[in-house]
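# Task: produce atomic coordinates for the following.
(one chain, ligands or ions: 2)
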Amino acid sequence: MKIFSKQQIYKGDQQTAKKQKISSTELMERAGMQIFNWIHERMQGAQVPIHVFCGIGNNGGDGLVVARHLITYGYSVHTYVVNCSEKRTEDFLVNYDRIKQTTKKWPIMLNCEADFPTIGPDDIIVDAVFGIGLNRPPNDWVKRLFQHFRASKAFTLSVDLPSGLYPDDVPEDENGVVWANYTLSFQAPKLVFFLPDTSKYTVNWEALDIGIDAEFLKETETEVELIGKNEIFPMYKPREKFSNKGTYGHALIIGGSYGKIGAVVLSGKAALASGSGLVTTFIPKCGYIPMQSSFPEAMTLTDHDEEKLTDISFDIEPTAIGIGMGMGTDVKTHVAFQKFLESNSASLVIDADAINLLSKHKEDLKLLKAQTVLTPHPKELERLIGKWKNDFDKLKKAKAFSKKHQCVLVIKGAHTITVFENKMYINSTGNPGLSTGGTGDVLTGMITGLICQGYEPLMASLFGVYLHGKSADIAVEDYGYQSLTASHVIEYLGKAYLDLFAKPQMPHDPDAEEHIS
Ligand SMILES: NC(=O)C1=CN([C@@H]2O[C@H](COP(=O)(O)OP(=O)(O)OC[C@H]3O[C@@H](n4cnc5c(N)ncnc54)[C@H](OP(=O)(O)O)[C@@H]3O)[C@@H](O)[C@H]2O)[C@H](O)CC1
Ligand SMILES: [K+]
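Ligands and ions are numbered 1, 2, ... in the order given. Next up is the predicted model:
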């Protein structure tokens, strides 16, 4: 699913109005009606006080549409205009008149803190103060209004975007933002719903189809995409009937050191379970027996050193190599890694200590061949690209790094973001059960295994990240968040594959599930 920029959203509105021969007021009516339907479907006329707070722009206009329909359907509605500016948009004014014609209970003007209404914890707040048009921090009294919302503990439903949140920046003051329980976003979610700095402002979100021009949606190239089943399924490569283990490539997993052989076991098993035809592991000598006994499907090569990697040489021809898990950053290991990079011609997935070595010795980055995949967690990323001011700065730096080194950056997190040159792909699967040792090793193995089967490195990264999260989502049903382990992610990979063929995903629902951030 495409995630549009603010400029693209405004353009989409104009193109929709032109192509469908409707006015912007009609488009606002559609948008507001969708929000009303969503509420009405759930509330079925329940007489819970609903406080609709409207700004003075089009987000406020949407709020007025919602309030008008709620009033018409007999709900207990209190409508307020947050009078934070002298300006009014045209469509706000049209809907301001319309609501005044619908009810004698006209919207109440809020001008300062003394005007704040009492809101009960069981009431509902509809937040339509600011949408994507916010361009500066809210006034102090408006900030206090947002804190008043939060203190009330009322269920807060934000229209399009939690007010006070920019679509393309991180707010300076968290008190200047509405903390929503749910956000109903028009047509597509916003990037800020997925970033660590800003995802906390909405617990849950949903995209509502407001009938934006189909051609616009199809033709517009976006910088960001949300990756769900709809995006992943077309990438799937079916297995051929007349095939053998050689058809699906040979994965080589290199890593491990004394006490950290398990990382390579997990990675190797994941490469195999993702579908690689053959798997070989390359580890220090001390790992030979544990590897052979715990992972019989794999072939094992060893370094001549007992405890660490000092000489990565082999006479097999792997299709793809995953390297770095549990490897350590010993000087001798670095020399071996450097020599390996100089001579390697296979596709490469780099993780953990191999990333740390690259960060320490940036001159080695020029040894990476195009489309090498790097899978850093946030700390490893910081060592690699330097500190960032906020998430947007991080993404800017990540894009620059990817462009410079022609590599695929898989930034692991609650919403893993894969960056390739100027494009960013946000994963929609996964859960907090994955915050446990070894799950990163599993991911690296999976991406390596997918490259072995002929997936391009970028595709393999997107597919691997999706399947990894999906596997955890299925496994968590059986094990719960606390007890989920990296081994379960491997065990449930088959179910994650099968899920691709299960119920189709709804067009506007990235993963046919609730979107809890
Ligand atoms: N396709 C769609 O997604 C549709 C979205 N709709 C809704 O429209 C809003 C965007 O509406 P817009 O009027 O552009 O913006 P806002 O309502 O968010 O803000 C209105 C104006 O408020 C001013 N502003 C900005 N920051 C502040 C501030 N801190 N304090 C006071 N005022 C502020 C600013 O104007 P200025 O001239 O003063 O700079 C904004 O322009 C979108 O989010 C949806 O809810 C359509 O209804 C349907 C299609
Ligand atoms: K809002």
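# quick one: the nearest residue to residue 444 once chain neighbours are set aside and residue 232, what's the gap?
Sequence neighbours aside, residue 351 is the residue nearest to residue 444 in space, at 4.2 Å (criterion: CB to CB, 6 or more residues apart in numbering). Just so you know, the C-beta spots here come from the backbone N, C-alpha and C atoms, and that holds for glycine as well. Applying CB to CB, to the nearest Å, the value for residue 351 to residue 232 is 22 Å.
# near ligand 1, which residues of the protein show up?
Residues of the chain lying near ligand 1 by CB under 6 Å from any ligand atom: 9, 12-13, 27-28, 31, 55, 57-62, 84-85, 87, 89, 130-138, 159-161, 186-187, 212.
# I'd like the mean pLDDT over stretch 93-103, please.
Mean pLDDT, stretch 93-103: 97.
# what about the longest helix in the chain?
helix 457-483 (DSSP state H).
# Can you give the contact residues for the next helix or strand after that one?
With elements assigned by DSSP states H and E, the helix or strand that comes after helix 457-483 is helix 486-491. Here helix 486-491 makes contact (CB atoms under 8 Å, 6 or more residues apart in numbering) with 266, 269-270, 273, 434, 436-439, 441-442, 468, 471-472, 475, 478-479.
# repeat for stretch 419-430
Taking contacts as CB under 8 Å, 6+ apart, the residues outside stretch 419-430 that touch it are 3, 191, 194, 223-228, 395, 398-399, 402-403, 408-409, 411, 414-418, 458, 462, 465-470, 472-473, 510-511, 515.
# Recalculate using a threshold of 7 Å.
Defining contact as CB atoms under 7 Å, 6 or more residues apart in numbering, one finds that stretch 419-430 is touched by 194, 223-228, 395, 398-399, 402-403, 408-409, 411, 415-418, 458, 462, 465-466, 469-470, 472-473, 510-511.
# Same question for stretch 259-268.
By CB under 7 Å, 6+ apart, the residues outside stretch 259-268 that reach it are 253, 255-256, 279, 281, 283, 287, 290-291, 294-295, 298, 322, 325-326, 438, 441-442, 444-445, 486, 490.
# are any of the residues you listed buried, and which?
Applying 16 or more other CB atoms under 10 Å to those, the neighbour count classes 253, 255-256, 279, 281, 283, 287, 290-291, 295, 298, 322, 325-326, 438, 441-442, 444-445, 486, 490 as buried.
# if we can go back for a sec, kindly give a single PyMOL line that selects the buried subset of the contacts of helix 486-491.
In PyMOL, a selection of the buried entries from these looks like this (16+ other CB under 10 Å):
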select buried, resi 266+269+270+273+434+436+438+439+441+442+468+471+472+475
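# quick one, what contacts the residue nearest to residue 55 when sequence neighbours are not counted?
Counting by CB to CB, 6+ apart, the nearest residue to residue 55 once its immediate chain neighbours are dropped is residue 129, at 4.2 Å. By CB under 7 Å, 6+ apart, the contact set of residue 129 is 53, 55, 59, 60, 82, 163.
# Show only the entries of the contacts of stretch 419-430 found in strands.
Mapping these onto strands (DSSP state E) picks out 224, 225, 226, 227, 408, 409, 411, 417, 418.
# Run through the residues that contact the fifth one.
Meaning residue 408. Residues near residue 408 by CB under 7 Å, 6+ apart: 371, 373, 402, 418, 420, 457, 458, 461.
# Mind listing the residues bridging to it?
Beta-bridge pairing for residue 408 (DSSP bridges): residue 373, residue 420.
# From residue 171, how far out is the residue lying farthest from the centre of the chain?
Within the chain, the residue lying farthest from the chain centre (CA atoms, centre = their mean) is residue 104, at 45.0 Å. With distances taken as CB to CB, residue 104 is found 38 Å from residue 171.
# what does residue 339 give?
Going from residue 339 to residue 171 by CB to CB gives 48 Å.
# neighbour count winner among those two?
Neighbours were counted for residue 339 and for residue 171 using other CB atoms under 10 Å; residue 171 has more, 20 against 14.
# Please report phi then psi for residue 186.
In terms of degrees, to the nearest 10, the main-chain angles of residue 186 are phi -80, psi 130.
# How many neighbouring residues does it have?
When counting by other CB under 10 Å, one arrives at 26 neighbours for residue 186.
# distance between stretch 87-106 and the chain's centre?
Here the centre of stretch 87-106 is set off from its chain's centre by 38 Å, with CA atoms, centre = their mean, to the nearest Å.
# List the neighbours of it that are in contact with it.
Applying CB under 7 Å, 6+ apart, the set of residues contacting stretch 87-106 is 24-25, 28, 56-58, 60-61, 64-65, 67-68, 71-72, 79, 107.
# for stretch 469-479, same thing?
For stretch 469-479, the surrounding residues in contact (CB under 7 Å, 6+ apart) are 427, 429-431, 433-434, 484, 488-489, 492-493, 495-496, 499.
# how about 8 Å then?
For stretch 469-479, contacts defined as CB under 8 Å, 6+ apart pick out 416, 427-431, 433-434, 439, 484-485, 488-493, 495-496, 499, 513.
# Show me what the helix or strand harbouring residue 181 is packed up against.
Assessed by DSSP H and E, residue 181 sits inside strand 180-186. Under the contact criterion of 3 or more CB pairs under 8 Å, 6 or more residues apart in numbering; DSSP states H and E, strand 180-186 touches helix 24-43, strand 155-159, strand 202-208.
# Residues in a beta bridge with the nearest residue to residue 418 once chain neighbours are set aside, which ones?
Nearest residue to residue 418, sequence neighbours excluded (CB to CB, 6+ apart): residue 425, at 4.4 Å. Residue 425 has the following beta-bridge partners by DSSP bridges: residue 225, residue 418.
# got a pLDDT number for residue 425?
Residue 425 is assigned 98 on the pLDDT scale.
# how close does it sit to residue 317?
According to CB to CB, residue 425 and residue 317 sit 30 Å apart.
# Over to residue 67?
Look at residue 67 and residue 317: by CB to CB, they are 68 Å apart.
# quick one: which of the two has more around it?
Set residue 67 next to residue 317 and count neighbours by other CB under 10 Å: residue 67 wins out with 30 against 9.
# How about the secondary structure of that one?
helix (DSSP: H, G, I helix; E, B strand; the rest coil).
# need the contact list for it.
Residues counted as contacts of residue 67 (CB under 8 Å, 6+ apart) are 52, 54, 77, 79, 99, 107, 126.
# Let me know the closest of the residues you listed to residue 452.
Set against residue 452, the nearest of those by CB to CB is residue 126 (51.2 Å).
# Three-state assignment for the closest one, please.
Applying three-state DSSP: residue 126 is strand.
# so it bridges to which residues?
In this structure, residue 126 bridges to residue 52, residue 157 when assessed by DSSP bridges.
# Return the set of buried residues in stretch 249-266.
In stretch 249-266, counting by 16+ other CB under 10 Å, buried: 249-257, 260-266.
# Out of those residues, name the ones that lie in helices.
Those of the buried residues of stretch 249-266 lying in helices (DSSP H): 262, 263, 264, 265, 266.
# if we can go back for a sec, which of the residues of the chain next to ligand 1 are buried?
For the residues of the chain next to ligand 1, a burial check counting by 16+ other CB under 10 Å picks out 9, 12-13, 27-28, 31, 55, 57-62, 84, 89, 130-134, 138, 159-161, 186-187, 212.
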